[in-house]
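> Next comes the sequence, and after it the predicted model I'd like to discuss.
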Amino acid sequence: MKNSKFWFMKINGLTCKINFEKLLIQSELLGFYTFNKALVQVVNNEIYFRDENFFYNFLKAIISEKNKVQQDVAKDKFERDMLSQGRKLITRLRELDKSLILVDERESAVKFFRNGYLTITAECIILNDYNSLGNKLIWHYRKQERDWSLENITDSLFRSFVDNSIGISDYTKLVLGYLTHDFNEEGKGYLVVLTDKTQNRIEGGGTGKNLLCTILELTISKTEVSAEQLKYDSSLLQSWDFQRLFIISDAGAKFNWLFLKNLITGNTQHKKLYQNEEQISYEEMPKFVVSTNHSVPEDDGGLNRRFRILEFSSFYKEHGGVDVYHGGMFPSIWSDTDYFGFDQFIAECIQQYFINKGQIKEADISESGNIKRFIGNYGEDLYDFIDSNFENWLEKGMFTTQEFNYEINKFLNQKSNQKDFSNAKLNNAIESFVVLKNGKETEFKYAYYKSNKISNIRYRVFAKKPIGELVTSINHLNSN
(Lines give C-alpha, C1' and ligand atoms only; values in the text may rest on other atoms or scores of the structure.)
Protein backbone atom coordinates (compact mmCIF):
# COMPACT_ATOMS: atom_id res chain seq x y z
CA MET A 1 0.00 0.00 0.00
CA LYS A 2 1.40 3.41 -0.97
CA ASN A 3 1.81 5.73 2.00
CA SER A 4 1.21 9.47 1.89
CA LYS A 5 3.76 11.23 4.10
CA PHE A 6 2.05 13.46 6.66
CA TRP A 7 5.01 14.48 8.86
CA PHE A 8 7.65 16.99 7.84
CA MET A 9 10.89 17.74 9.64
CA LYS A 10 12.05 21.32 9.97
CA ILE A 11 15.46 22.24 8.55
CA ASN A 12 17.13 21.99 11.93
CA GLY A 13 15.89 18.42 12.26
CA LEU A 14 14.77 19.04 15.84
CA THR A 15 11.14 20.05 15.22
CA CYS A 16 8.36 18.51 13.14
CA LYS A 17 5.00 19.51 11.66
CA ILE A 18 2.03 17.15 11.21
CA ASN A 19 -0.03 17.99 8.11
CA PHE A 20 -3.62 17.09 8.96
CA GLU A 21 -4.88 17.17 5.38
CA LYS A 22 -2.29 14.60 4.35
CA LEU A 23 -3.04 12.67 7.54
CA LEU A 24 -6.67 12.39 6.44
CA ILE A 25 -5.56 11.17 3.02
CA GLN A 26 -3.29 8.57 4.62
CA SER A 27 -6.10 7.44 6.94
CA GLU A 28 -8.37 6.78 4.00
CA LEU A 29 -5.61 4.94 2.13
CA LEU A 30 -5.39 2.68 5.19
CA GLY A 31 -9.15 2.05 5.03
CA PHE A 32 -10.27 4.12 8.05
CA TYR A 33 -13.81 5.52 8.02
CA THR A 34 -16.59 6.31 10.44
CA PHE A 35 -19.80 4.30 10.67
CA ASN A 36 -22.62 5.71 12.84
CA LYS A 37 -19.92 7.81 14.55
CA ALA A 38 -17.88 4.67 15.33
CA LEU A 39 -14.37 4.20 13.95
CA VAL A 40 -14.00 1.35 11.44
CA GLN A 41 -11.34 0.04 9.07
CA VAL A 42 -11.83 -1.76 5.78
CA VAL A 43 -9.25 -4.49 5.15
CA ASN A 44 -9.76 -6.21 1.81
CA ASN A 45 -13.54 -6.86 1.85
CA GLU A 46 -13.99 -6.94 5.62
CA ILE A 47 -14.99 -4.14 8.00
CA TYR A 48 -13.48 -4.06 11.50
CA PHE A 49 -14.47 -1.89 14.43
CA ARG A 50 -11.39 -0.07 15.75
CA ASP A 51 -10.73 1.99 18.87
CA GLU A 52 -8.82 5.28 19.01
CA ASN A 53 -5.55 3.76 20.25
CA PHE A 54 -5.49 1.27 17.36
CA PHE A 55 -5.97 4.14 14.91
CA TYR A 56 -3.24 6.29 16.45
CA ASN A 57 -0.76 3.42 16.74
CA PHE A 58 -1.43 2.31 13.16
CA LEU A 59 -0.60 5.79 11.85
CA LYS A 60 2.32 6.28 14.21
CA ALA A 61 3.94 3.06 12.97
CA ILE A 62 4.20 4.58 9.47
CA ILE A 63 6.44 7.41 10.66
CA SER A 64 9.99 6.56 9.68
CA GLU A 65 13.19 8.59 9.38
CA LYS A 66 16.74 7.42 8.67
CA ASN A 67 17.89 9.47 11.60
CA LYS A 68 16.66 7.80 14.81
CA VAL A 69 16.58 11.11 16.71
CA GLN A 70 14.47 12.77 14.01
CA GLN A 71 12.13 9.77 13.93
CA ASP A 72 11.58 10.07 17.69
CA VAL A 73 10.93 13.80 17.31
CA ALA A 74 8.30 13.14 14.61
CA LYS A 75 6.58 10.43 16.66
CA ASP A 76 6.58 12.62 19.74
CA LYS A 77 4.98 15.47 17.78
CA PHE A 78 2.36 13.04 16.42
CA GLU A 79 1.57 11.81 19.97
CA ARG A 80 1.11 15.35 21.29
CA ASP A 81 -1.08 16.37 18.34
CA MET A 82 -3.27 13.30 18.76
CA LEU A 83 -3.74 14.06 22.46
CA SER A 84 -5.14 17.47 21.63
CA GLN A 85 -6.74 16.93 18.22
CA GLY A 86 -7.00 13.18 17.64
CA ARG A 87 -10.73 12.89 18.27
CA LYS A 88 -11.42 15.85 16.04
CA LEU A 89 -9.40 14.12 13.33
CA ILE A 90 -11.60 11.03 13.61
CA THR A 91 -14.74 13.12 13.14
CA ARG A 92 -13.23 14.41 9.89
CA LEU A 93 -12.94 10.91 8.42
CA ARG A 94 -15.34 10.04 5.63
CA GLU A 95 -18.48 8.08 6.50
CA LEU A 96 -18.38 4.56 5.09
CA ASP A 97 -20.76 4.09 2.16
CA LYS A 98 -23.41 1.80 3.66
CA SER A 99 -24.65 0.74 0.23
CA LEU A 100 -21.42 -1.24 -0.20
CA ILE A 101 -22.13 -3.47 2.81
CA LEU A 102 -23.69 -6.87 2.15
CA VAL A 103 -26.55 -7.09 4.64
CA ASP A 104 -29.84 -8.87 5.20
CA GLU A 105 -32.81 -7.54 3.28
CA ARG A 106 -36.56 -8.01 3.56
CA GLU A 107 -36.62 -11.33 1.72
CA SER A 108 -33.02 -12.50 2.03
CA ALA A 109 -30.39 -13.12 4.68
CA VAL A 110 -26.65 -13.71 4.62
CA LYS A 111 -24.50 -15.69 7.06
CA PHE A 112 -20.71 -15.75 6.85
CA PHE A 113 -18.45 -18.76 7.38
CA ARG A 114 -14.79 -19.61 6.77
CA ASN A 115 -15.51 -21.45 3.53
CA GLY A 116 -17.97 -18.95 2.05
CA TYR A 117 -21.06 -16.88 2.70
CA LEU A 118 -24.57 -18.25 2.81
CA THR A 119 -27.50 -16.66 0.98
CA ILE A 120 -30.93 -17.61 2.36
CA THR A 121 -34.18 -16.90 0.54
CA ALA A 122 -37.61 -18.54 0.47
CA GLU A 123 -36.51 -20.51 -2.59
CA CYS A 124 -33.00 -21.66 -1.70
CA ILE A 125 -30.04 -21.79 0.66
CA ILE A 126 -26.77 -21.35 -1.26
CA LEU A 127 -23.10 -21.22 -0.21
CA ASN A 128 -21.19 -18.61 -2.22
CA ASP A 129 -17.46 -18.12 -2.71
CA TYR A 130 -15.99 -14.92 -1.23
CA ASN A 131 -14.45 -14.17 -4.63
CA SER A 132 -17.98 -13.37 -5.81
CA LEU A 133 -18.29 -10.39 -3.45
CA GLY A 134 -16.85 -7.95 -5.99
CA ASN A 135 -16.74 -4.53 -4.35
CA LYS A 136 -19.17 -5.55 -1.61
CA LEU A 137 -18.03 -5.38 2.03
CA ILE A 138 -18.88 -7.62 4.97
CA TRP A 139 -18.61 -7.14 8.72
CA HIS A 140 -15.73 -9.11 10.17
CA TYR A 141 -17.62 -9.78 13.42
CA ARG A 142 -20.34 -11.58 11.46
CA LYS A 143 -17.86 -14.06 9.98
CA GLN A 144 -17.91 -17.27 11.98
CA GLU A 145 -14.70 -19.19 12.69
CA ARG A 146 -16.26 -22.39 11.39
CA ASP A 147 -17.28 -23.89 8.07
CA TRP A 148 -20.73 -24.35 6.61
CA SER A 149 -21.33 -28.04 6.04
CA LEU A 150 -22.64 -29.17 2.67
CA GLU A 151 -23.73 -32.42 4.31
CA ASN A 152 -27.28 -32.42 5.62
CA ILE A 153 -27.26 -32.71 9.43
CA THR A 154 -30.58 -33.98 10.81
CA ASP A 155 -29.51 -34.53 14.41
CA SER A 156 -27.64 -32.10 16.70
CA LEU A 157 -27.58 -31.04 20.34
CA PHE A 158 -29.23 -27.71 19.53
CA ARG A 159 -32.18 -29.41 17.82
CA SER A 160 -32.54 -31.67 20.85
CA PHE A 161 -32.39 -28.65 23.16
CA VAL A 162 -35.12 -26.80 21.26
CA ASP A 163 -37.30 -29.90 21.04
CA ASN A 164 -36.95 -30.68 24.76
CA SER A 165 -37.40 -27.14 26.04
CA ILE A 166 -39.88 -25.53 23.62
CA GLY A 167 -40.85 -28.10 21.03
CA ILE A 168 -39.98 -27.87 17.35
CA SER A 169 -42.96 -26.50 15.44
CA ASP A 170 -43.55 -24.10 12.56
CA TYR A 171 -44.28 -21.39 15.13
CA THR A 172 -40.99 -22.00 16.99
CA LYS A 173 -39.07 -21.89 13.71
CA LEU A 174 -40.78 -18.64 12.68
CA VAL A 175 -39.87 -16.92 15.94
CA LEU A 176 -36.24 -18.10 15.78
CA GLY A 177 -36.12 -17.10 12.11
CA TYR A 178 -37.39 -13.64 12.98
CA LEU A 179 -34.76 -13.19 15.71
CA THR A 180 -31.84 -14.35 13.56
CA HIS A 181 -32.86 -12.39 10.44
CA ASP A 182 -30.89 -9.14 10.69
CA PHE A 183 -33.53 -6.87 9.20
CA ASN A 184 -36.08 -4.51 10.73
CA GLU A 185 -39.11 -3.01 9.03
CA GLU A 186 -41.12 -0.32 10.76
CA GLY A 187 -44.57 -1.44 11.87
CA LYS A 188 -43.73 -5.15 11.62
CA GLY A 189 -41.73 -5.74 14.78
CA TYR A 190 -42.58 -8.30 17.45
CA LEU A 191 -41.78 -8.47 21.14
CA VAL A 192 -40.53 -11.98 21.80
CA VAL A 193 -41.20 -13.22 25.33
CA LEU A 194 -39.49 -16.26 26.84
CA THR A 195 -41.45 -17.66 29.77
CA ASP A 196 -42.14 -20.93 31.58
CA LYS A 197 -45.18 -23.14 31.16
CA THR A 198 -45.57 -23.59 34.88
CA GLN A 199 -48.59 -21.88 36.43
CA ASN A 200 -46.66 -20.89 39.56
CA ARG A 201 -43.93 -18.39 38.70
CA ILE A 202 -41.96 -19.46 41.81
CA GLU A 203 -41.56 -22.88 40.20
CA GLY A 204 -40.09 -21.29 37.05
CA GLY A 205 -36.45 -20.95 36.08
CA GLY A 206 -33.86 -23.50 35.05
CA THR A 207 -35.74 -24.31 31.84
CA GLY A 208 -33.25 -23.01 29.27
CA LYS A 209 -34.48 -19.46 28.55
CA ASN A 210 -31.15 -17.75 29.24
CA LEU A 211 -29.24 -20.51 27.49
CA LEU A 212 -31.21 -19.98 24.29
CA CYS A 213 -30.19 -16.30 24.28
CA THR A 214 -26.56 -17.27 24.82
CA ILE A 215 -26.61 -19.76 21.95
CA LEU A 216 -28.21 -17.28 19.53
CA GLU A 217 -25.08 -15.14 19.85
CA LEU A 218 -23.36 -17.81 17.74
CA THR A 219 -25.24 -16.43 14.75
CA ILE A 220 -26.30 -12.85 15.61
CA SER A 221 -24.95 -10.17 17.96
CA LYS A 222 -26.73 -9.41 21.22
CA THR A 223 -26.50 -7.40 24.40
CA GLU A 224 -28.21 -8.37 27.64
CA VAL A 225 -29.34 -6.33 30.64
CA SER A 226 -31.28 -7.19 33.78
CA ALA A 227 -34.76 -5.68 34.00
CA GLU A 228 -33.86 -4.30 37.44
CA GLN A 229 -31.19 -2.08 35.87
CA LEU A 230 -33.46 -0.51 33.26
CA LYS A 231 -34.56 3.10 33.26
CA TYR A 232 -37.69 3.72 31.25
CA ASP A 233 -36.42 6.75 29.32
CA SER A 234 -34.05 7.48 26.44
CA SER A 235 -31.17 5.97 28.45
CA LEU A 236 -32.76 2.49 28.34
CA LEU A 237 -30.40 1.59 25.50
CA GLN A 238 -27.38 2.86 27.44
CA SER A 239 -25.54 -0.47 27.25
CA TRP A 240 -26.53 -1.09 23.62
CA ASP A 241 -23.90 -0.62 20.92
CA PHE A 242 -25.92 -1.51 17.81
CA GLN A 243 -26.09 -5.23 18.59
CA ARG A 244 -29.00 -6.81 16.76
CA LEU A 245 -30.76 -8.39 19.76
CA PHE A 246 -31.51 -6.58 23.02
CA ILE A 247 -32.20 -9.16 25.72
CA ILE A 248 -33.99 -8.10 28.91
CA SER A 249 -33.65 -10.79 31.56
CA ASP A 250 -35.60 -11.46 34.75
CA ALA A 251 -38.54 -9.15 34.06
CA GLY A 252 -40.64 -9.00 37.22
CA ALA A 253 -44.26 -8.31 38.07
CA LYS A 254 -43.78 -4.51 37.81
CA PHE A 255 -41.95 -4.58 34.49
CA ASN A 256 -43.04 -1.68 32.25
CA TRP A 257 -44.21 -3.52 29.15
CA LEU A 258 -45.90 -0.48 27.64
CA PHE A 259 -42.61 1.41 27.41
CA LEU A 260 -41.35 -1.17 24.93
CA LYS A 261 -44.35 -0.65 22.68
CA ASN A 262 -42.89 2.44 20.99
CA LEU A 263 -39.48 0.83 20.70
CA ILE A 264 -40.81 -2.09 18.66
CA THR A 265 -43.07 -0.03 16.42
CA GLY A 266 -41.05 3.06 15.42
CA ASN A 267 -38.01 5.31 15.76
CA THR A 268 -36.73 6.23 19.19
CA GLN A 269 -34.42 8.57 21.06
CA HIS A 270 -31.14 7.04 22.18
CA LYS A 271 -28.85 8.54 24.81
CA LYS A 272 -25.32 7.43 25.57
CA LEU A 273 -23.55 8.37 28.79
CA TYR A 274 -22.23 11.96 28.62
CA GLN A 275 -23.57 12.34 25.10
CA ASN A 276 -26.55 14.12 23.59
CA GLU A 277 -29.68 12.26 22.59
CA GLU A 278 -29.83 11.12 18.99
CA GLN A 279 -32.56 9.71 16.80
CA ILE A 280 -32.16 6.05 15.90
CA SER A 281 -33.93 4.82 12.80
CA TYR A 282 -36.08 1.72 13.11
CA GLU A 283 -33.85 -0.17 10.68
CA GLU A 284 -30.93 0.22 13.08
CA MET A 285 -32.89 -0.67 16.20
CA PRO A 286 -32.42 -4.08 17.82
CA LYS A 287 -35.10 -6.71 18.17
CA PHE A 288 -36.29 -7.08 21.75
CA VAL A 289 -36.48 -10.28 23.76
CA VAL A 290 -37.82 -10.39 27.32
CA SER A 291 -37.13 -13.35 29.58
CA THR A 292 -39.45 -13.70 32.58
CA ASN A 293 -41.00 -16.15 35.03
CA HIS A 294 -44.17 -14.05 34.89
CA SER A 295 -46.69 -13.76 32.09
CA VAL A 296 -47.52 -10.80 29.88
CA PRO A 297 -50.32 -8.25 30.37
CA GLU A 298 -53.42 -8.23 28.20
CA ASP A 299 -54.78 -4.75 28.82
CA ASP A 300 -53.28 -3.09 25.72
CA GLY A 301 -54.52 -4.39 22.40
CA GLY A 302 -51.70 -2.82 20.39
CA LEU A 303 -49.06 -4.41 22.57
CA ASN A 304 -50.93 -7.72 22.70
CA ARG A 305 -50.70 -7.98 18.93
CA ARG A 306 -46.91 -7.69 19.16
CA PHE A 307 -46.30 -10.43 21.72
CA ARG A 308 -44.83 -13.66 20.38
CA ILE A 309 -44.41 -16.04 23.29
CA LEU A 310 -42.08 -19.03 23.52
CA GLU A 311 -43.02 -21.25 26.47
CA PHE A 312 -40.36 -23.43 28.02
CA SER A 313 -41.30 -26.77 29.56
CA SER A 314 -39.90 -28.09 32.83
CA PHE A 315 -38.00 -30.85 30.99
CA TYR A 316 -34.50 -29.69 31.89
CA LYS A 317 -35.47 -28.67 35.39
CA GLU A 318 -36.82 -32.17 36.00
CA HIS A 319 -33.61 -33.69 34.62
CA GLY A 320 -31.15 -31.62 36.63
CA GLY A 321 -30.37 -29.03 33.99
CA VAL A 322 -29.04 -28.96 30.44
CA ASP A 323 -25.47 -29.73 31.51
CA VAL A 324 -26.50 -32.75 33.57
CA TYR A 325 -28.83 -34.17 30.92
CA HIS A 326 -26.42 -33.71 28.01
CA GLY A 327 -23.18 -34.29 29.93
CA GLY A 328 -21.67 -30.80 29.80
CA MET A 329 -22.18 -27.10 29.23
CA PHE A 330 -23.52 -25.73 25.93
CA PRO A 331 -21.89 -25.00 23.57
CA SER A 332 -18.57 -26.17 25.08
CA ILE A 333 -19.41 -29.84 24.50
CA TRP A 334 -20.56 -29.34 20.93
CA SER A 335 -18.76 -31.25 18.20
CA ASP A 336 -18.22 -29.87 14.70
CA THR A 337 -21.33 -31.78 13.68
CA ASP A 338 -23.35 -30.03 16.40
CA TYR A 339 -22.21 -26.63 15.11
CA PHE A 340 -23.07 -27.67 11.56
CA GLY A 341 -26.50 -28.80 12.78
CA PHE A 342 -27.03 -25.53 14.64
CA ASP A 343 -26.22 -23.41 11.57
CA GLN A 344 -28.44 -25.52 9.33
CA PHE A 345 -31.35 -25.37 11.77
CA ILE A 346 -31.08 -21.56 11.99
CA ALA A 347 -30.97 -21.33 8.18
CA GLU A 348 -34.12 -23.51 8.03
CA CYS A 349 -35.85 -21.18 10.52
CA ILE A 350 -34.97 -18.07 8.51
CA GLN A 351 -36.14 -19.71 5.29
CA GLN A 352 -39.42 -20.71 6.97
CA TYR A 353 -39.82 -17.09 8.06
CA PHE A 354 -39.38 -15.93 4.43
CA ILE A 355 -41.78 -18.56 3.13
CA ASN A 356 -44.34 -17.21 5.60
CA LYS A 357 -43.79 -13.66 4.24
CA GLY A 358 -42.42 -12.46 7.57
CA GLN A 359 -45.75 -13.09 9.31
CA ILE A 360 -46.00 -14.90 12.66
CA LYS A 361 -49.51 -15.64 13.84
CA GLU A 362 -50.08 -15.73 17.56
CA ALA A 363 -49.81 -19.23 18.95
CA ASP A 364 -52.05 -20.62 21.64
CA ILE A 365 -50.22 -20.76 24.93
CA SER A 366 -50.57 -23.63 27.39
CA GLU A 367 -53.37 -23.90 29.94
CA SER A 368 -50.92 -23.23 32.79
CA GLY A 369 -49.56 -20.27 30.83
CA ASN A 370 -53.05 -18.83 30.42
CA ILE A 371 -53.76 -19.23 34.13
CA LYS A 372 -50.46 -17.52 34.96
CA ARG A 373 -51.39 -14.69 32.61
CA PHE A 374 -54.80 -14.36 34.27
CA ILE A 375 -53.20 -14.25 37.72
CA GLY A 376 -50.67 -11.70 36.50
CA ASN A 377 -53.47 -9.42 35.32
CA TYR A 378 -56.08 -9.92 38.03
CA GLY A 379 -54.33 -11.47 41.01
CA GLU A 380 -54.36 -14.90 42.60
CA ASP A 381 -57.17 -14.04 45.04
CA LEU A 382 -59.53 -13.16 42.22
CA TYR A 383 -58.61 -16.30 40.30
CA ASP A 384 -59.30 -18.48 43.34
CA PHE A 385 -62.62 -16.70 43.98
CA ILE A 386 -63.91 -17.20 40.42
CA ASP A 387 -62.49 -20.71 40.04
CA SER A 388 -64.07 -21.91 43.29
CA ASN A 389 -67.49 -20.42 42.47
CA PHE A 390 -67.75 -20.88 38.72
CA GLU A 391 -69.41 -24.32 38.75
CA ASN A 392 -72.02 -23.07 41.26
CA TRP A 393 -72.74 -20.07 39.06
CA LEU A 394 -73.19 -22.34 36.08
CA GLU A 395 -75.53 -24.61 38.02
CA LYS A 396 -77.76 -21.73 39.06
CA GLY A 397 -77.52 -20.13 35.60
CA MET A 398 -78.96 -16.69 36.35
CA PHE A 399 -78.60 -14.13 39.14
CA THR A 400 -80.30 -10.83 39.50
CA THR A 401 -77.79 -8.01 39.65
CA GLN A 402 -78.67 -7.60 43.34
CA GLU A 403 -78.02 -11.28 44.08
CA PHE A 404 -74.71 -11.29 42.25
CA ASN A 405 -73.52 -8.08 43.89
CA TYR A 406 -74.18 -9.78 47.22
CA GLU A 407 -71.84 -12.63 46.21
CA ILE A 408 -69.18 -10.14 45.20
CA ASN A 409 -69.53 -8.11 48.39
CA LYS A 410 -69.03 -11.27 50.47
CA PHE A 411 -65.72 -11.74 48.65
CA LEU A 412 -64.72 -8.09 49.03
CA ASN A 413 -65.49 -8.00 52.74
CA GLN A 414 -62.75 -10.58 53.24
CA LYS A 415 -60.15 -8.32 51.57
CA SER A 416 -58.31 -5.46 53.19
CA ASN A 417 -57.38 -4.00 49.78
CA GLN A 418 -60.93 -3.61 48.46
CA LYS A 419 -59.92 -0.68 46.22
CA ASP A 420 -58.05 -3.18 44.03
CA PHE A 421 -61.32 -4.99 43.21
CA SER A 422 -63.61 -2.62 41.35
CA ASN A 423 -66.87 -3.93 39.88
CA ALA A 424 -65.51 -3.32 36.38
CA LYS A 425 -62.37 -5.30 37.14
CA LEU A 426 -64.41 -8.18 38.52
CA ASN A 427 -66.60 -8.29 35.41
CA ASN A 428 -63.53 -8.16 33.16
CA ALA A 429 -61.94 -10.94 35.20
CA ILE A 430 -65.00 -13.18 34.84
CA GLU A 431 -65.11 -12.55 31.10
CA SER A 432 -61.40 -13.43 30.83
CA PHE A 433 -61.95 -16.54 32.93
CA VAL A 434 -64.68 -17.67 30.52
CA VAL A 435 -62.29 -17.18 27.61
CA LEU A 436 -59.69 -19.23 29.50
CA LYS A 437 -62.21 -22.03 30.15
CA ASN A 438 -63.33 -22.06 26.51
CA GLY A 439 -59.74 -22.40 25.38
CA LYS A 440 -59.42 -25.88 26.85
CA GLU A 441 -62.94 -27.17 26.15
CA THR A 442 -63.74 -29.21 23.05
CA GLU A 443 -67.31 -30.35 23.79
CA PHE A 444 -68.82 -27.42 25.66
CA LYS A 445 -68.63 -23.65 25.54
CA TYR A 446 -69.22 -21.21 28.36
CA ALA A 447 -70.70 -17.73 28.34
CA TYR A 448 -71.13 -14.90 30.82
CA TYR A 449 -73.55 -12.07 30.15
CA LYS A 450 -73.41 -9.31 32.72
CA SER A 451 -76.47 -7.33 31.66
CA ASN A 452 -79.38 -9.41 30.36
CA LYS A 453 -82.75 -7.77 30.87
CA ILE A 454 -85.61 -10.19 31.30
CA SER A 455 -89.08 -8.88 32.24
CA ASN A 456 -87.50 -5.54 33.21
CA ILE A 457 -85.13 -7.23 35.66
CA ARG A 458 -81.38 -7.29 34.96
CA TYR A 459 -79.66 -10.64 35.28
CA ARG A 460 -76.14 -12.00 35.21
CA VAL A 461 -76.27 -15.11 33.06
CA PHE A 462 -73.87 -18.06 33.13
CA ALA A 463 -74.29 -20.77 30.53
CA LYS A 464 -72.67 -24.06 29.58
CA LYS A 465 -73.94 -25.74 26.47
CA PRO A 466 -72.67 -28.15 23.83
CA ILE A 467 -70.96 -26.32 20.98
CA GLY A 468 -73.58 -25.01 18.54
CA GLU A 469 -76.37 -24.64 21.12
CA LEU A 470 -74.96 -21.85 23.24
CA VAL A 471 -75.66 -18.88 21.00
CA THR A 472 -79.25 -19.97 20.41
CA SER A 473 -79.80 -20.38 24.15
CA ILE A 474 -78.50 -16.92 25.05
CA ASN A 475 -80.32 -15.27 22.16
CA HIS A 476 -83.47 -16.90 23.44
CA LEU A 477 -82.92 -15.32 26.85
CA ASN A 478 -82.39 -11.93 25.25
CA SER A 479 -85.59 -12.19 23.25
CA ASN A 480 -87.77 -12.71 26.33
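Yep, it's here. In this text, all values refer to a predicted model and were calculated from it rather than measured experimentally. Residues are numbered from 1 along each chain as shown.
> Name the residues of the lengthiest helix in the chain that are buried.
The residue-count maximum for a helix in the chain (DSSP state H) belongs to helix 68-91. By neighbour count, and taking 16 or more other C-beta atoms under 10 Å as the criterion, the buried residues in helix 68-91 are 70-71, 73-75, 77-78, 81-82, 86, 89-90. (C-beta placed from N, C-alpha, C; glycine too.)
> Thr195 looks like it's in a helix, true?
No: secondary structure assignment (DSSP: H, G, I helix; E, B strand; the rest coil) places Thr195 in strand, not in a helix.
> for it, what are its contacts?
Taking C-beta atoms under 8 Å, 6 or more residues apart in numbering as the criterion, Thr195 is in contact with 204, 209, 291-296, 309-312, 369, 372.
> For the stretch 51-200 of the chain, which segments count as helices?
For the stretch 51-200 of the chain, applying DSSP state H, counting those that start in this stretch gives helices covering 52-60, 68-91, 157-165, 170-180.
> ok, for Leu127, nearest residue in space, not its chain neighbours?
Leaving aside its sequence neighbours, Leu127 sits nearest to Gly116 (C-beta to C-beta, 6 or more residues apart in numbering; 4.6 Å).
> Ser249 too?
Nearest-residue entry for Ser249: Ser291, 4.8 Å, with adjacent residues in sequence omitted and distances by C-beta to C-beta, 6+ apart.
> shouldn't the one you found be in contact with Gly208?
No: proximity of Ser291 to Gly208 does not meet the contact threshold set by C-beta atoms under 8 Å, at 10.4 Å.
> Go through the contacts of Thr195 and flag which are in strands.
Using DSSP state E to define strands, the subset of the contacts of Thr195 located there is 291-292, 309-312.
> for those, which one is nearest Gly167?
Minimum distance to Gly167 across these is 8.6 Å, recorded for Glu311 (C-beta to C-beta).
> Quick check: the gap between that closest one and Asp196.
Here the distance between Glu311 and Asp196 works out to 7 Å (C-beta to C-beta, to the nearest Å).
> Asn438 now?
The spacing between Asn438 and Asp196, counted by C-beta to C-beta, is 24 Å.
> Settle it for me: which of those two has more neighbours?
When Asn438 is set against Asp196 and neighbours are counted by other C-beta atoms under 10 Å, the residue ahead is Asp196, at 28 against 14.
> Show me the beta-bridge partners of that one.
Following DSSP bridges, Asp196 is listed with bridge partners Phe312.
> Wait, it touches Gly205, no?
Yes: contact status for Asp196 versus Gly205: in contact at 7.2 Å, counting by C-beta under 8 Å.
> Common neighbours of those two, please.
Among the neighbours of Asp196, those also in contact with Gly205 (C-beta under 8 Å, 6+ apart) are Asn293.
> coming back round to it: which of the helices of the stretch 51-200 of the chain sits closest to Asp233?
Nearest to Asp233 among the helices of the stretch 51-200 of the chain is helix 170-180; the distance by C-beta to C-beta comes to 25.6 Å.
> Arg106 versus Lys357, what's the distance?
Between Lys357 and Arg106 the computed distance is 10 Å (C-beta to C-beta).
> before we move on, back to that, which one of the helices of the stretch 51-200 of the chain lies closest to Asn12?
Asn12 sits nearest to helix 68-91 of all the helices of the stretch 51-200 of the chain, at 10.0 Å, using C-beta to C-beta.
> Only whichever of the ones in strands among the contacts of Thr195 are buried, select them in ChimeraX.
Buried members of the ones in strands among the contacts of Thr195 can be picked out in ChimeraX with the line below, counting by 16+ other C-beta under 10 Å:
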select :291,292,309,310,311,312
